[in-house]
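S.K.: Okay, predicted coordinates and the sequence, questions at the end:
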Amino acid sequence: MYDMLTALINGALGWGWPEWALNLLSYILIVTIVLVVAPLQMLFFTYYERRVIARMQDRVGPNRVGPEGIWQPIADGVKMFTKEDIVPQAADRIVHFLAPCVVVAPTVLMFAVVPWGPGMVPVDLPTGLLFFFAISSISAVGLMMAGWASNNKFSLLGAMRAVAQMVSYEIPAVLSLIAIVIIVGSLSINEIIAYQAGLIISNRDLPGVPDLGLGWFVFTPVGFVAFVAFFIAALAEGERTPFDIPEADSEIVAGYMTEYSGMKFGLFYLAQYVLNFLLCAITAIIFFGGWQGPGVGWLYAQGITPANPNGNGLFNVLAGILGVFYFLLKTYIFFFVMVWLRGAFPRLRIDQLMDFGWKFLIPWTLANLFSAALWVAFTRWGPAEGMLITVGWSPVLRWLAAFVVTLAINLGVYLWLTRVYAASQAERRRAELEELSAAA
Amino acid sequence: MEVVVQMVFGLIALFILVAAAMVVSVRNVIHSALWLIACFFGVGALYLLLEAEFLAVVQVLVYVGAVSVLILFAIMLTRQISGEGVRQLTSRWPVVLVVTVLLFATVMTPTLINQQWNVPPAPPLGTPEPIAGPAELGRGFVNEFLIQFQVVGVLLTVALIGAIVIAFEERARRRKVLTLAEELELKRLRERTTQTETPEPVEAEPVARETRPASEG
Amino acid sequence: MLQTQELQVNIGPQHPSTHGVFRMLVTVDGETVVDLKPVFGYLHRNHEQIAEANSYLQNMPYTDRLDYFNSMANNHAYAMAVERLAGIEVPERAEYIRVLMVELTRILNHASAVGFMINDMGAWQTPLAFGMREREKILDLFEMASGARLMCNYFRFGGVVRDLPPEFIPNLRELLRALPAYIDELERLLRDNEILLQRAIGIGILPPEVALSYGVSGPVLRGSGIPYDVRKAEPYSVYDRFDFDVPIGKVGDVYDRFLVRIEEMRQSKRIIEQVLEQLPDAKGGHINPKARQNVRPPVGDAYARIESPKGELGFYLVSDGSTKPYRYKVRAPSFINLTPLADMCRGYKVADIVVILGSIDIVMGEVDR
Amino acid sequence: MTASPFEIEIPRGRVIEVQRDDTRVRWGGGLLRGMAVVWKHWKESFKLNRSYSQIHGTFTIEYPEEQPRIPEAYRNMPILLYDDETGHELCTSCFQCERICPPQVIHMTQAKDPATGKPVPAVAEFIIEYDACMSCGFCAEVCPFDAIKMDHEFELSTDDHTRLTVHKEQLLRPISYYAKIAPTMWAEVRESALKKLQGNVRRRPDVIGLAPQLTEKIAARRAELAAQAVQAAQAAAAAPAAPAAAPAEGRKLTPEEKAAKLAAIRAAKTAQAGESATPAEAAPAPPSPAPAGEAAPSADKAAKLAAIRAANAAKKAAAGEAPATLPVAPADGMAGDTPADAPPAAPPADKAARLAAIRAANAAKKQQSGDGS
């Protein structure tokens, strides 16, 4: 992308600028774009969620402010700005002020590694995926600061619950992604997307497959299990419905946000929706090929790319637009699923939530890691690495064997684990009773 | 380029030092914990300067994401944070100062002596081969450092199980609050056991039951 | 090491999920509830004292305000009490219209009670929105017949104020055509939902013998497995001419009460269909012409009770011969169903309290009077 | 749980146990089924749902643009009716609605005849406190003259509280308006209401009883009265007595005038005794405050008038018409609780007799117990 930008800047401001100035200018340009896009996504998401959930409940949703209620989020924003910002008298002023910043900064920072289109990624970090989750864990610290600074017993309890939930669901989230990283072999997000070219089967696994940009991971058993586990963990991370304990806690009414009003509360709200957007984006990128889609690969190949520098710039722009379209379409579909869940399910209790995370998701994703390793073994390893069974097999046969084996393992683990998990609930109550009756 | 890198390094080092100083000198324990987190960030930035991205990201993930949250939890749950009562400077601070300078000297002088200052310039800025990339670390764990890796694994699981045991102990000690249904179930269980052991009629209801009887609601 | 002392938590009175103004002083040990003290009276309007200053007829609109979800049921109980006191007969058609209205209000009450309970569990109003849609249709029918949606004031001593308008029956038949589909859909949405099962099974168990000792009635009693229904135990009005079943639960937890309410909606639909078949024609008279509305009953007392959607609703009237009741007492089912709340919540988590309260389905207007 | 030992037999129905099957392990199927239901609602919600038998589709009514459909029996706040043609209010301030209103929000005063100071079957001041009224509809049920009905107007929110104490001017609506919003209910009571109105209108002197806002009708009535006065003046010029029609000034009958009047009545009675079987002693009302007749200054004038009137009463009694002219209205405003819904249309002959009997009984009852609600 930077070659494109440098060409653009030179053209606009005259040639002969020093190298570092060009880089600086293009970085500034990209940072502004990202900083503008993040709140816009948040505004659109609030409107999108209220309209969709209204439709699910046979009502209409906001349609008064502007045609079909389009300016409603802006009205909400203005309301947030004009609301009086009350700081509790006994609160720890500095920490109270810093908390929203520490929550919002990382969520916007996470945009740095999200690729919007082919070659359109602000920073192509080789450890992009890990960076994404490392930065997202910082907002947990911000929540603790918010809970502590409001000097109110309930917001502290709410903050502790929220942080406990986020930290304990980060593990299954990262574990399920590592399964994909094992298959791809690299942490760089661009690499993961590039891997998902092809038709139903990625052309890296089966070279002969035509590249239609549909070789998504979700069509492989490992990828599908990782997708479901990651999406559930993302729901918990973004505090969405089955797991929105901190936000609308029935006994501790508003959790850590109780003592915040005005724009500080707006910041928490912004952070939550931007985080949801990013989690949907990462789900789309890792499991549904991000900007991959029919035609994007071909268009990008014509344009100026490191591979053939003398392509014509127009194709880059076209590929970029189509790529962004696919990416946003997938992200909005996932957010629709998040809102759909919000409309259909009640909320889990805090102990059930923890129970589910630790006793079901983590073992399930660990098993998935094992099947991912098997997938790599079957598709890529030869006798050198010790795989003697598949020595003479054709790539199609190896892929099929990998598919069947991993499918069997994952399905078996799922069925067995569900029975064990359900049994353990009832068992625990009976055990306590016996233990009590023995003691009494 | 060299000067800019040195300058940035100087800035980050200064930032880490200030943060570390604040950790020990600020009154409120929570503030010192937050300064500690700032310190971790500084170290992460240093790693980035050394182009060890993986380490920098892991540093942020592990320290800032998990360890600091653990510290904050520990501080908030254990005792009331008043902040005034903490005496910052002991009366005999000169002695303390001398001891620290001596310690610092014993550590620093050998490195300063055999450091060749005129080190050759760094290799040209081509595609730097990642020193501590994830792949090398992975291979290292599995090949050379296999034993250390397993030992650390065992250590961590032991710590995990220890935490669970402590929590269970605490839960057992706290008296279990019985729900109505469990109480009645318990009564039925106890009647069945008392009937099987002592066939003669059951005497009065066992008195000391830790929860009040259901009727007096 | 980490010793958590018991702390007092105040839920309500302006809490979002207590039904009306109702406060619970909960002593909590960590996450489990040790003790719960309900505090109410915030909605006390001196209903029974006002009734003693009003004439019998003037009290009728005030009974709408008792359980403001089922004004028809309150009217029916009060009208029966006064008719028993003053010895007024009610013509056939009026009896059928009365049963029709009470069964409709039962459907509307259970549809929204289930919606509110699931809403307390955290589902963002979707089951409630579906429940409200059915409730709106029934309220439109009430508005057509009595003139108001909630405060119907439709019953008079000896019958009803006005006969059913011509477009009432066709709309009612159309509603009945859609009702089974709605109930099945509600069940499909919630019955096997794993999250709901975790939040409802084994929570807030009320064993049968404890339920009896507290004197609870209605879906709460039937949820604990006791098939007691006033319409069957002491068939008043024309209930002895309809056959319908009495659903009961096995364990007596939140899940049972939820399923009992859904089953009761189906039974109410059955009753309404039978009412429509046997409804005598208009010349039967919607009100007893000889009944004087400013009634002056002989000295004495009377107690009439009906199966209101919340439980056994009774009116006890004492007359001293004048036009004003000497004593006017309401046996409110919500008030009595609320008494075992402390026992039902003990030992469960704090987040379950609101769900258990929702499963009892109380209305503060009736509790505080 | 143990089987419930409470076997209660259920007539005409079975006891059905709710099947919980909570032991069955559900593989997440329940969650998907719930989502399927919500998806169907989302898909269907793009068309409107206005019928009773639809459970899908958007059922919100976008209020200001789309008015809700209000059934005929809908009752919000009470309104008073006045006749379009004559402009006369139907209300005769019989205080029934004030007495029945549970929150006691209706306050009214009876109109007085400016000349004689006698109460007139019309209402002077009528106030309803709209903020306390709970629209229970009792007043509309109880009103014997169908003067007060329940309106369908529900947009009554206002910021200044004093406007919620609504006076007669704002309460009055033409009968055509009420016929439009509640056609069948008005059709039932139309003819009886209008007949009662004529009866009352005839006994309303001057401009009393006209809806205050109908200025042109009031002007027309005044002009007509003035014309009568002028025409009566010429008649008076011819005859020495002051104009009978124009009620000059109200003063009490002097004793001898009363005696003369009595004589005239007794004469009329004897004249009447001949034709009708039962002596209509109801006609010679006891000389309690005379019905709203005008007081003739000279003795013979009063006697002649009384005679004419008695003849009219007899003629009417004989002709079988309802004794509309008989002073049905109770003597004075407060006391007397005529049976609320006893319809007046009984056969005239024994009707008068029963009326007298009731009046006697009331008078007797009034002395013993001062109870009045």
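M.R.: Yep, it's here.
S.K.: make it CA atoms for all contacts and neighbour counts henceforth
M.R.: Fine.
S.K.: packing partners for the host helix or strand of A:Val404?
M.R.: Here A:Val404 sits within helix A:395-439, counting by DSSP states H and E. Identification of packing neighbours for helix A:395-439 by 3 or more C-alpha pairs under 8 Å, 6 or more residues apart in numbering or on different chains; DSSP states H and E yields helix A:221-237, helix A:362-380, helix B:180-197.
S.K.: Tabulate those (CSV), appending mean neighbour count.
M.R.: Formatted as CSV, the entries for these read as follows, by neighbours: other C-alpha atoms under 10 Å in any protein chain shown:
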stretch, mean neighbour count
helix A:221-237, 24
helix A:362-380, 21
helix B:180-197, 15
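S.K.: just so I know, which of these lies nearest chain D?
M.R.: Among these, the nearest to chain D by C-alpha to the nearest C-alpha is helix B:180-197 (8.9 Å).
S.K.: any idea of the mean pLDDT for that closest one?
M.R.: Summarised as a single mean, pLDDT over helix B:180-197 is 79.
S.K.: Which secondary structure elements does that helix sit against?
M.R.: Using 3+ C-alpha pairs under 8 Å, 6+ apart, the elements in contact with helix B:180-197 are helix A:395-439.
S.K.: in chain D, which spans are helices?
M.R.: Under the criterion DSSP state H, chain D contains helices at D:29-44, D:96-100, D:138-142, D:168-171, D:175-181, D:183-202, D:215-238, D:255-275, D:299-319, D:348-368.
S.K.: Can you list the low-confidence ranges for chain B?
M.R.: Applying pLDDT under 70 to chain B flags the ranges B:1, B:79-89, B:116-132, B:174-175, B:196-217.
S.K.: Any idea which residue is closest to the centre of it?
M.R.: B:Val67 (3.7 Å; C-alpha atoms, centre = their mean).
S.K.: And for chain A?
M.R.: With the centre of chain A defined as its mean C-alpha position, the nearest residue by C-alpha atoms, centre = their mean is A:Leu279, 2.0 Å away.
S.K.: show me what contacts the nearest residue to that residue once chain neighbours are set aside?
M.R.: Counting by C-alpha to C-alpha, 6 or more residues apart in numbering or on different chains, A:Leu279 lies nearest to A:Ala234, which is 6.2 Å off, once chain neighbours are set aside. A:Ala234 makes contact with A:Tyr169, A:Ala173, A:Leu279 under the criterion C-alpha atoms under 8 Å, 6 or more residues apart in numbering or on different chains.
S.K.: Helices - which of these land there?
M.R.: The members of the contacts of A:Ala234 that map onto helices under DSSP H are A:Tyr169, A:Ala173, A:Leu279.
S.K.: Turn the residues you listed into JSON lines, columns for pLDDT.
M.R.: Written out in JSON lines, the entries for those read as follows (pLDDT from 0 to 100):
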{"residue": "A:Tyr169", "pLDDT": "93"}
{"residue": "A:Ala173", "pLDDT": "94"}
{"residue": "A:Leu279", "pLDDT": "94"}
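S.K.: Quick check: phi and psi on the residue in the stretch 51-200 of chain D positioned nearest to chain C?
M.R.: Going by C-alpha to the nearest C-alpha, chain C is nearest to D:Tyr74 of the stretch 51-200 of chain D, at 3.8 Å. With angles defined as degrees, to the nearest 10, D:Tyr74 shows backbone torsions of phi -60, psi 140.
S.K.: For stretch C:118-134, give me every contacting residue.
M.R.: For stretch C:118-134, using C-alpha under 8 Å, 6+ apart, the contacting residues are A:56-58, A:241, A:250, A:342-347, C:17, C:108, C:111-112, C:114-116, C:186, C:199, C:354-355, C:358, D:59.
S.K.: Flag the shaky bits of the chain, pLDDT-wise.
M.R.: No chain specified, so I'll use chain A. Within chain A, the stretches with pLDDT under 70 are A:1-4, A:246-254, A:429, A:437, A:439-440.
S.K.: that's the wrong chain, I wanted chain C
M.R.: Across chain C, the ranges flagged by pLDDT under 70 are C:1-5, C:14-19, C:284.
S.K.: host element of A:Leu328?
M.R.: Counting by DSSP H and E, the element that carries A:Leu328 is helix A:313-344.
S.K.: C:Leu25 now?
M.R.: Remark: C:Leu25 resides in strand C:23-29, with elements defined by DSSP H and E.
S.K.: Helix, strand, or coil at the residue in the stretch 251-369 of chain C that chain D sits nearest to?
M.R.: Sorted by distance to chain D under C-alpha to the nearest C-alpha, the residues of the stretch 251-369 of chain C start with C:Val251, at 6.0 Å. Recorded secondary structure, C:Val251: coil (DSSP: H, G, I helix; E, B strand; the rest coil).
S.K.: per-residue pLDDT, the residue lying closest to C:Ala233 once chain neighbours are set aside?
M.R.: For C:Ala233, ignoring the flanking residues on the chain, the nearest one in space by C-alpha to C-alpha, 6+ apart is D:Ile10 at 7.4 Å. Among the per-residue scores, D:Ile10 holds a pLDDT of 81.
S.K.: From C:Phe40, how far out is C:Met364?
M.R.: 8 Å (C-alpha to C-alpha, to the nearest Å).
S.K.: would you say C:Leu36 is within a helix?
M.R.: No - per three-state DSSP, C:Leu36 lies outside any helix segment and is strand.
S.K.: Return the distance of the closest residue to it other than its chain neighbours relative to C:Pro13.
M.R.: Distances taken as C-alpha to C-alpha, 6+ apart put C:Val26 closest to C:Leu36, at 4.4 Å, once the chain neighbours are dropped. Between C:Val26 and C:Pro13 the distance, using C-alpha to C-alpha, works out to 13 Å.
S.K.: do the same with A:Gln196
M.R.: The spacing between A:Gln196 and C:Pro13, counted by C-alpha to C-alpha, is 56 Å.
S.K.: Between these two, which is the more surrounded one?
M.R.: Neighbours per residue (other C-alpha atoms under 10 Å in any protein chain shown) separate A:Gln196 from C:Pro13, with A:Gln196 holding more: 31 against 17.
S.K.: hang on, D:Asp84 packs against D:Tyr177?
M.R.: No - when contacts are counted by C-alpha atoms under 8 Å, D:Asp84 is not listed as touching D:Tyr177 (9.6 Å).
S.K.: and the lengthiest helix in chain C, how far from the chain's centre?
M.R.: In chain C, assigned by DSSP H, the helix with the most residues is helix C:92-121. Relative to the mean C-alpha coordinate of its chain, helix C:92-121 is positioned 7 Å out (C-alpha atoms, centre = their mean, to the nearest Å).
S.K.: downstream neighbour of that helix in the secondary structure list?
M.R.: Next in line after helix C:92-121, if elements are assigned by DSSP H and E, sits helix C:126-146.
S.K.: Just the buried residues of that next one, please?
M.R.: C:126-135, C:137-146 (16 or more other C-alpha atoms under 10 Å in any protein chain shown).
S.K.: quick one: the very next helix or strand once past it near chain D?
M.R.: Proceeding C-terminally, helix C:126-146 gives way to strand C:155-156 as the next helix or strand, assigned by DSSP H and E. No - counting by C-alpha under 8 Å from any C-alpha of the partner chain, chain D is not contacted by strand C:155-156; separation bottoms out at 10.8 Å.
S.K.: quick one: strand C:155-156 to chain centroid distance?
M.R.: That offset, for strand C:155-156, works out to 19 Å (C-alpha atoms, centre = their mean).
S.K.: mind listing what the closest residue to chain B within chain C touches?
M.R.: Taking C-alpha to the nearest C-alpha as the measure, chain C has C:Gly347 as its residue closest to chain B, at 4.3 Å. Residues in contact with C:Gly347, defined by C-alpha under 8 Å, 6+ apart, are B:Val177, B:Leu178, B:Thr179, B:Leu180, C:Thr32, C:Val33, C:Val34.
S.K.: so which of the helices and strands packed on helix A:395-439 gets nearest B:Val24?
M.R.: If you check each of those against B:Val24 by C-alpha to C-alpha, helix A:221-237 wins as the nearest, at 33.3 Å.
S.K.: Next, count neighbours for residue 107.
M.R.: You didn't pick a chain, so chain A it is. Neighbours of A:Thr107 under the rule other C-alpha under 10 Å: 26.
S.K.: Can you look at chain B instead?
M.R.: The number of residues near B:Val107, taken as other C-alpha under 10 Å, comes to 10.
S.K.: I appreciate the help and will end here.
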